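Asks: Kindly return the folded structure for what I paste below:
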Amino acid sequence: MEQGYIDERIKTLKGKIGFYYENMVNGEKLAHNADETFLAASVIKVPIFMCVCKMASKGRLNMGQKIVVRDEDKKPSCGALLSMTGDIQTDLSSLCRLMITLSDNTATNMVIRAAGIENLRREFAEIGLRKTRINRELFDSEAAAAGLENFICPEEIAMLLKKIYNREFVSKEVSEEIESIMLLQQIRHKIPGYIGRKKKIANKTGEDGNTTHDVAIVYAQNPFVLVITADDTDVAETEKFMRETALEIYRENGEGE
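Replies: Next up, the predicted model:
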């Protein structure tokens, strides 16, 4: 696939589109607005999860610590906790799994509170994030009204995915654990959509209004990292572009597991 082809496809889409592709075998790269910032939506959950795993590996957090989720903590939209009645006692590890595999917003806020938002900001900087920033919990209407938003940068998210793939994030064991949870992702209608829901793809979506994203490690015969982000877009058309482009790249790289 050529850079010009990607640029022309993106020109047909509404809004601001970010794109980053890297072949993990030969190093081929394609990028469009990859150094720009986008509203994070649920993709912010990837660096949150990675930083929590890093903190736990250093003994600064305990994945087994018990956390009580109360009714007033529950947030709408994605996830399972909102559908469960009464107070729920669980642990940090389970909340992380819900945050990634079901994109549970309540679980995400409980994880942020357990880690501490200031600690997460420091951890973001430590792992090399400059434009990807966490500024508030999810569904915090007061913070949003004050102009506080979370942001992601496609090339920075791709950098994190490459570290996971290369087993370079903290340690081989930590990288493998993060990947294993991402491989359990249940929201698979974007990058995995035409490739096949059962193919080996570690992805995380994000959506909010006219924002739609997906970021993934795709295990073709020649594995690759793909990050596609879109703000102020036509969601249906952009998600079709995600599915079509991911399938084209997948076929070029040889169908995998």
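Asks: Output the lowest mean pLDDT helix or strand found in the protein.
Replies: helix 141-145 (a mean of 77; mean pLDDT, DSSP states H and E).
Asks: which residues sit against it?
Replies: Asn135, Arg136, Glu137 (C-beta atoms under 8 Å, 6 or more residues apart in numbering). Bear in mind the C-beta positions are built from the backbone N, C-alpha and C, glycine included.
Asks: Averaged pLDDT, the helix or strand that comes right after it. What do you get?
Replies: Remark: after helix 141-145, the chain's next helix or strand is strand 151-152, criterion DSSP states H and E. For strand 151-152, mean pLDDT is 98.
Asks: Now do strand 151-152: distance to the chain's middle.
Replies: 10 Å (C-alpha atoms, centre = their mean, to the nearest Å).
Asks: dump the residue contacts of the spatially most central residue of the chain.
Replies: The centre of the chain sits closest to Val43, judged by C-alpha atoms, centre = their mean, with a distance of 3.3 Å. By C-beta under 8 Å, 6+ apart, the residues touching Val43 are Ile152, Ile157, Lys204, Thr205, Gly206, His213, Val215, Thr229.
Asks: Helices of the protein, residue ranges please.
Replies: Using DSSP state H, the helices assigned to the chain run over residues 3-11, 45-57, 92-101, 105-115, 117-126, 141-145, 154-165, 172-182, 192-195, 235-252.
Asks: Now the fifth one: buried residues?
Replies: This means helix 117-126. Under the neighbour-count criterion of 16 or more other C-beta atoms under 10 Å, helix 117-126 has Asn119, Leu120, Glu123, Phe124 buried.
Asks: And the pLDDT for the first one?
Replies: We have a pLDDT of 97 for Asn119.
Asks: can I assume it is in contact with Lys58?
Replies: No. Using C-beta atoms under 8 Å, Asn119 makes no contact with Lys58, being 11.4 Å away.
Asks: Point me to the residue sitting farthest from the middle of this protein.
Replies: For the chain, the largest distance from the centre (C-alpha atoms, centre = their mean) belongs to Gly86, which lies 29.1 Å off.
Asks: can you list the weak-confidence ranges in the stretch 151-257 of the chain?
Replies: The model of the stretch 151-257 of the chain has pLDDT under 70 over residues 256-257.
Asks: Apart from its chain neighbours, what residue comes closest to Ala115?
Replies: Leaving aside its chain neighbours, Ala115 sits nearest to Val52 (5.4 Å; criterion: C-beta to C-beta, 6 or more residues apart in numbering).
Asks: Please apply the same query to Gly206.
Replies: The shortest distance from Gly206 to any non-neighbouring residue, by C-beta to C-beta, 6+ apart, is to Ala41 (3.2 Å).
Asks: gap between that neighbour and Val227?
Replies: To Val227, Ala41 is 13 Å away according to C-beta to C-beta, to the nearest Å.
Asks: Overlap in contacts, those two.
Replies: His213.
Asks: between these two, who's got more neighbours?
Replies: Taking other C-beta atoms under 10 Å, Ala41 and Val227 do not tie; Val227 has more neighbours (28 against 21).
Asks: Surely the more buried one is in contact with Ile157?
Replies: Yes. Taking C-beta under 8 Å as the definition, Val227 is a contact partner of Ile157 at 5.2 Å.
Asks: Could I get the CA-only coordinates of the least confident helix or strand of the chain as CSV?
Replies: What follows is helix 141-145, C-alpha atoms only, in CSV (Å, rounded to 0.1, in the frame of the first residue of the first chain):
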residue,chain,number,x,y,z
SER,A,141,-19.4,16.7,33.3
GLU,A,142,-18.0,19.4,35.5
ALA,A,143,-14.5,18.8,34.3
ALA,A,144,-15.7,18.6,30.7
ALA,A,145,-17.6,21.9,31.1
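Asks: for that helix, which positions count as buried?
Replies: In terms of neighbour count (16+ other C-beta under 10 Å), helix 141-145 has no buried residues at all.
Asks: neighbours around Thr108, how many?
Replies: By other C-beta under 10 Å, 26 other residues sit near Thr108.
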